[in-house]
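> need a 3D model of the following:
(2 chains)
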Amino acid sequence: MSQRETIIEVKDLVKKFGSFTANDRLTFDVYRGEIFGFLGANGAGKTTAMKILSGLSRPTSGKVMVAGIDVSHHPEKVKRKIGYMSQFFSLYNDMTVKENFRFYGGIYGLSAKKIRERTQFYLDKLDMKSYENMLLKNIPLGWKQKLAFSLANIHNPDIIFLDEPTGGVDPITRRQFWELIYEAADQGTTVFVTTHYMDEAEYCERVSIMSEGQIKALGKPKALKEQFGAATMNDVFLKIARNVE
Amino acid sequence: MWAFIKKEFLHIFRDPRTMVILFGLPLAQVLLFGFAITNDINNAHIAILDHSKDVVTREITRKLLSSHYFLLNRYLKSDADIKPAFRKGEVKEVLVFERDFARKLQKEGVAKVQILLDATEPNTANILDAYTRGIINTYVLQRMKQSAAIPISIGVQNKMLYNPQLKSVYMFVPGVITVLLMLVSAMMTSISITREKELGTMEALLASPVKPGHIIIGKVVPYVVLSFINLISILLLSVFVFGMPIQGSIGLLLAESLLFLTMALALGILISTVSKTQQQAMLLSMFALMLPTILLSGFIFPVENMPVVLQYLSDIMPSRWFIIILKNIMLKGVGITYFWKETLIIFSMALLFIGLSIKKFSVRLEE
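Numbers count the residues shown, from 1 in each chain, chains lettered A, B, ... in the order given. Next up is the predicted model:
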């Protein structure tokens, strides 16, 4: 395990908004092909950290390397290597499935041929061939979610960032969604996911739990449960949250 | 980039509301302003109370009615009939000739006619008053000349330059063009950018390798194209339906419009950077742009008649200067040398807004 390639390297990351410290000396590594759960209560600083990692925001200080690129100096280069799926799915409801693929393929600079290939690939995989010309607003939420994941993957990124990707869907759909995540990880894509669902935390290879801008715990779910003497990740989370209060 | 522009067109064409605002509104506005909302008065209903009923009063009445301004509603019988006639709203004006009108005019040289007007619409009342006086005065002058009783006379000749028939369409078209370019460009762009923010798609766009500048350009280009189509359709309508002239260079007209359009788009982007939701963007554009554009730009109310404070306010309205430019090109047919100052003002405003919105946009990225 120790020889695994590090794909995200964060050292002493600090982000301040005026006098408020959103991220306080974060330090962690993520390995290639790993599913890394990034947990924390609302306002713990998850979103801020994720925005910095994906090149949307600049760190106040500290070192952040993503896919071998220094984010604070070359955010644009980083953006080519990553995919990003937000909790809003970032799909256009007034466009068809195919048009959404074409658009996202276009903004990631894929050729028309490549876009067609990838679109076919995902439509086959998701068994959505008959829906390709349907407007997105007529498609159920669970499928939209899978589409959003595929779109974030369209350019074969090294890392894919998922910001609370499973909000508002039923457990079965969530389970199916995680199948997609596993599949991507098996193919070597690193998955960096934030979530509120602690059962999902159990699916991750390693998780970090943030609170008040700091990482309070980091490790494999099993190890964390032992460390905190808890039966489930939910209890681990609650224990950390209580310690803070 | 191309993918972007194509996508934006898809948004526009798939949303019926957007289509109505983009294409229905301009046409409706031009037709409304051209046909319905007009200051020209034709066929105002009047009543006449003639106590005299002699040659002179009949002659004056005939002259009034043969102008196309007045239409005789009826003759009144007594003073008591006047009030009910106004109350019922049947007439806009009542003309009262005094008793023995012709005799008094002959003997004493003075005869009185009273003009009563419905001033619930002050402008109309003023105009009717002026028309009536004009017609009566002309009559008196003619009569004097016939009797050669007048020792000297001054012949006043007037000529209305640039708009000889005093058509109000000439005044409205430049205003409507201005309002529409402003509406379509500023409001539609600010709404379409905030919509992406609301949907969360803006985040995905910013996380992609597309440069923020390109995102903005991709958003703006379709609206430039559509605004231009709009502009041309308004011009065609006003030329072929309302007979509005374009005396000056069409190329210059389009170039100035492009400049104004750029300014409005920059303003729209600026609005989108300060508003979080579509409603907010819509309200901001409505109150910050539309109302001042209509009320303070000199489109409807002459700037010279405004209180000083409002005149200063009007100075910072880009639309005010654009209307001047449009009128100069379309009606006077003069070249850039006559309105380089106005052009410069709009140009600097455009630069200012572009600068501000770039700054705002990058600040937002930093957060």
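
> quick one, strands of chain B?
Residue ranges of the strands in chain B, as given by DSSP state E, are B:44-50, B:70-75, B:93-97, B:113-117.

> B:Leu180 is nearest to which of the ones you listed?
Of all the strands of chain B, strand B:44-50 sits nearest to B:Leu180, with 31.4 Å by CB to CB. All C-beta atoms are positioned from the backbone trio N, CA, C, and that covers glycine.

> sheet partners, orientation included, of that closest one?
Sheet partners assigned to strand B:44-50 using DSSP bridges are listed as strand B:70-75 (parallel), strand B:93-97 (parallel).

> most neighbours per residue, which of those?
strand B:93-97 (a mean of 22; mean count of other CB atoms under 10 Å in any protein chain shown).

> quick one, that one and strand B:113-117 angle?
Angle of strand B:93-97 versus strand B:113-117, following axes from the mean of the first three to the mean of the last three CA atoms, to 10 degrees, is 160 degrees.

> partners of the helix or strand in which A:Leu218 is found in the sheet?
Under the criterion of DSSP states H and E, A:Leu218 resides in strand A:214-219. Using DSSP bridges, strand A:214-219 pairs in its sheet with strand A:206-211 (antiparallel).

> the strand it pairs with: how far from the chain's middle?
14 Å (CA atoms, centre = their mean, to the nearest Å).

> what does chain A put close to chain B?
A:17, A:54-58, A:76, A:79-80, A:82, A:84-95, A:99, A:102-109, A:135, A:152, A:161 (CB under 8 Å from any CB of the partner chain).

> tell me who's in contact with residue 86.
Looking at chain A here, since you left the chain open. Counting by CB atoms under 8 Å, 6 or more residues apart in numbering or on different chains, A:Ser86 touches A:163-164, B:200, B:203-204.

> that's the wrong chain, I wanted chain B
B:94, B:116, B:118.

> near the second one, how many other residues are there?
Spelled out, that is B:Leu116. Neighbours of B:Leu116 under the rule other CB atoms under 10 Å in any protein chain shown: 19.

> isn't it right next to B:Glu93, touching?
Yes: the pair B:Leu116 / B:Glu93 is scored as a contact, 6.8 Å apart, by CB atoms under 8 Å.

> just for the chain, where's the confidence low?
All of this refers to chain A. A:1-3, A:244-245 (pLDDT under 70).

> look at chain B instead
With pLDDT under 70 as the threshold, chain B has low-confidence stretches at B:36-40, B:148-153, B:362-367.

> all strands of chain A, in order?
Remark: strands assigned in chain A by DSSP E are A:6-17, A:20-31, A:35-40, A:61-66, A:69-70, A:82-85, A:159-163, A:190-194, A:206-211, A:214-219.

> quick one: contacts of the second one?
I take that to be strand A:20-31. Counting by CB under 8 Å, 6+ apart, residues outside strand A:20-31 touching it are A:4-16, A:36, A:45, A:48-49, A:52, A:59, A:62, A:159, A:190, A:192, A:208, A:212-215, A:218.

> how big is the angle separating it from strand A:35-40?
160 degrees.

> pretty sure B:Leu313 contacts B:Thr293?
No: using CB under 8 Å, B:Leu313 is not in contact with B:Thr293, being 11.9 Å away.

> quick one: stretch B:218-229 to chain centroid distance?
24 Å.

> mind listing what's buried in that stretch?
B:218-224, B:226-227 (16 or more other CB atoms under 10 Å in any protein chain shown).

> what does that stretch rub up against?
B:1, B:4-5, B:7-9, B:12, B:22, B:180-181, B:184-185, B:188-189, B:192-193, B:210, B:254, B:257-258, B:261, B:265, B:269.

> fine, thanks again, bye for now.
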